[in-house]
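# can you look at this prediction? I've put the sequence above it.
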Amino acid sequence: MLDATNRQALTQQLRPPSGFRLLHAVGTTFTLDMTSALSVPLSFVAGNGEDYTNSVAVLSVLRKVSDRVDIFCQAGHIQAPKDASDLLAMLEPMVHQVSVKRGLFHPKVWVLEFERGTERRYRFLCSSRNLTPDASWDLLVRLDGELEAESENASPDSGPLARFIEKLPELCTVKLDVDRLARVRGLASRVSKVRWELPEGIQKLAFRPMGLGEEFEQGSIAGHLREPSKFRALNGKTGDAAFLGFEKLVISPFLDDALLARLRDPWMRNLHVYSRGDQLDLLQEKTVSERRSSFKSFDERGIVESTSTGQASSDPEGFGNLAEDLSGLHAKAYFCDYDHSTYALLGSANATAAAFGTNVEFLVELRGAKKQMGVQRVIDSLKEVPFEEYGGKGGQEPSDEDQAALSLEKELRAAAAHQFLVEAQPDSLGTFAIEISHSWRSKPQFTATLRLLSLPQVTAAVVPSGGAPIQRFRAVPLADVTPYLLLTLKDPEAQLSKSTVIQGILLADLPGRLDEIVARQLNDPQKLCQFLLLFLTPEDVRIGGAAGANWQSAASASSYVSASGLFEAMVGALASPDSGPVFADLKVVMDRLLALRSDDREILELHSLWTAAVEALKMETPYDV
């Protein structure tokens, strides 16, 4: 049931089945690291890896699949990278920040649709993992499925999952464009008809989205933990008469007394709690000393080096940069032995009243035989994980620094929920003047600065606490015009600083802006050739053939891509049903290639082939190629 030694990267679980290509992917995360987000599209192309240091390969993949990927994340929790690469601008179409009125947007799920001709396959991932590079211990449930005709006996019911996907665009601070919105809704509609294969040993499974109005049936553990006075437990009772089983196990990095109390009942024998030592310290002493409860702590709490400021690690003003994520324990799971079965909840929700009461979360509820997935079996499987007996007594109060950190986080979320309007006007230098307007006002105890994410060397404009005048930036090159803004808050009294990337609204987007970014990345003919080869090769085909090379080696900086190799790739691309949009997307690249190497015979021959292909496609497709 739970194999702590089976460690895989999220990107491995995102890869399409053999012979299939990505049709659409929807993912959710609380925290989003922008550099880590670059690795997601790499998962969908044959011969991929997690190496997003090869800018040509990443650029090619982003141009291929960004219109088929949507990632929803909590506003105020987009981490800024140290290096604001041009490639981050290519994430703009696929990353959507979300703000909810109550609580946090905290689910970690992926819904994937793959195609091979007319055949469709689906994959669902429910985990505790954010889209960040931290080395935390997480859990993941994977389901694979296929479309099937409506069946009264279909299990699990995909309706809650489909409704969850459909509601995501309504939570965004920036509206999705019409085409992208239609694709998300189309995926939700198809997912509602998917028949999922249950994991081995699982007798029943249910999707449990929380915080968006979804109703659960009586007897649901998730429903009972959310509202114990209204939802019957496994014995059909509520309140003090509720019973969830003799043996229970909770694994959660964050927890509180209220939620643990809902798991305790008069007939319980043991409640095993696995958490982090610093969080166990915050429980009440009576909770820790309860005789039927035992506590173990995960003590590898190492702090991930903050990248939140977008600056080097030196801090001339003496402000401590807050850690974005804690490494170590990040898994969330609940197990209850009841009769001969074990009931489990796995997903994003911490063992807190807020997680089950106000947050948007996603879990799966499972039932299986106790002899296969019982509490003791799970505890035995955790022997390889560095837990140890908790030796504290609880009863501690949060430190002043922790309280100050929480205040900064809350204020950043409040700021990111506002609309930041970005307007670009051409100037006499061939560049642009940028104006940022918004209605957000910082609390007086904080100082705030705001700048374009693409301009790390430009001094940020100070946002006064008493008002929010327009922030202005001059002589901005076209490729640096972006809706991504970096907001930094500082608490002078606590000597703390924290930043977030805010997704603004670019008024009247500039024609050719993203194309200019592509052109700036492909700054020599060899890179252009490598890009063309990668872009023209089908997603489910590895580059290299008998030589066994994949796209990473083919796109390496030292690789030479000949015109003959590109000729073969273009011939293959012409036969593809997607040839129209593919060749239309390549126009800016081909024009730049010709401009750089207009005296090169091979390039001229290649451009002649390109011209002939475009003329042929004009007669067959409506695309402006």
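Yep, that arrived.

# count the residues that sit near the closest residue to residue 232 other than its chain neighbours.
What sits nearest to residue 232 in space, not counting adjacent residues and going by C-beta to C-beta, 6 or more residues apart in numbering, is residue 218, at 4.7 Å. All C-beta spots, glycine's among them, are computed from the backbone N, C-alpha and C. Residue 218 has 12 neighbouring residues, counting by other C-beta atoms under 10 Å.

# report the contact partners of residue 218.
Counting by C-beta atoms under 8 Å, 6 or more residues apart in numbering, residue 218 touches 231, 232, 236.

# C-alpha coordinates for the longest helix along the chain, PDB please?
For the chain, the longest helix by residue count, based on DSSP state H, is helix 601-620. Output of helix 601-620 as PDB, limited to C-alpha atoms (Å, rounded to 0.1, in the frame of the first residue of the first chain):
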ATOM      1  CA  ARG A 601      24.200  27.800 -49.500                       C
ATOM      2  CA  GLU A 602      22.700  25.200 -47.100                       C
ATOM      3  CA  ILE A 603      20.500  27.800 -45.400                       C
ATOM      4  CA  LEU A 604      19.300  29.200 -48.700                       C
ATOM      5  CA  GLU A 605      18.400  25.600 -49.800                       C
ATOM      6  CA  LEU A 606      16.600  25.100 -46.500                       C
ATOM      7  CA  HIS A 607      14.700  28.300 -46.900                       C
ATOM      8  CA  SER A 608      13.800  27.400 -50.500                       C
ATOM      9  CA  LEU A 609      12.300  24.100 -49.100                       C
ATOM     10  CA  TRP A 610      10.500  26.100 -46.400                       C
ATOM     11  CA  THR A 611       9.100  28.500 -49.000                       C
ATOM     12  CA  ALA A 612       7.800  25.600 -51.100                       C
ATOM     13  CA  ALA A 613       6.300  23.900 -48.100                       C
ATOM     14  CA  VAL A 614       4.500  27.100 -47.100                       C
ATOM     15  CA  GLU A 615       3.100  27.600 -50.600                       C
ATOM     16  CA  ALA A 616       1.800  24.000 -50.600                       C
ATOM     17  CA  LEU A 617       0.200  24.500 -47.100                       C
ATOM     18  CA  LYS A 618      -1.500  27.700 -48.200                       C
ATOM     19  CA  MET A 619      -3.500  25.800 -50.600                       C
ATOM     20  CA  GLU A 620      -4.500  23.100 -48.000                       C
END
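
# let's see stretch 342-356 as PDB, backbone CA atoms only.
The C-alpha trace of stretch 342-356 is given here as PDB (Å, rounded to 0.1, in the frame of the first residue of the first chain):
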ATOM      1  CA  THR A 342      -9.100   0.100   6.400                       C
ATOM      2  CA  TYR A 343     -10.300   3.500   5.200                       C
ATOM      3  CA  ALA A 344      -7.800   6.000   4.000                       C
ATOM      4  CA  LEU A 345      -7.600   9.700   2.900                       C
ATOM      5  CA  LEU A 346      -4.600  10.700   0.800                       C
ATOM      6  CA  GLY A 347      -4.000  14.100  -0.800                       C
ATOM      7  CA  SER A 348      -3.300  17.800   0.100                       C
ATOM      8  CA  ALA A 349      -5.100  18.400   3.400                       C
ATOM      9  CA  ASN A 350      -3.100  18.900   6.500                       C
ATOM     10  CA  ALA A 351      -4.500  17.700   9.800                       C
ATOM     11  CA  THR A 352      -6.000  21.100  10.700                       C
ATOM     12  CA  ALA A 353      -9.500  22.400  11.000                       C
ATOM     13  CA  ALA A 354      -8.700  25.000   8.400                       C
ATOM     14  CA  ALA A 355      -7.700  22.400   5.800                       C
ATOM     15  CA  PHE A 356     -11.000  20.500   6.300                       C
END
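
# so for it, what's the average pLDDT?
Stretch 342-356 comes out with an average pLDDT of 97.

# how far off centre is that stretch?
20 Å (C-alpha atoms, centre = their mean, to the nearest Å).

# out of the contacts of residue 218, the closest to residue 607 would be?
residue 231 (67.4 Å; C-beta to C-beta).

# for the closest one, the count of nearby residues, please.
By other C-beta under 10 Å, neighbour count at residue 231 equals 19.
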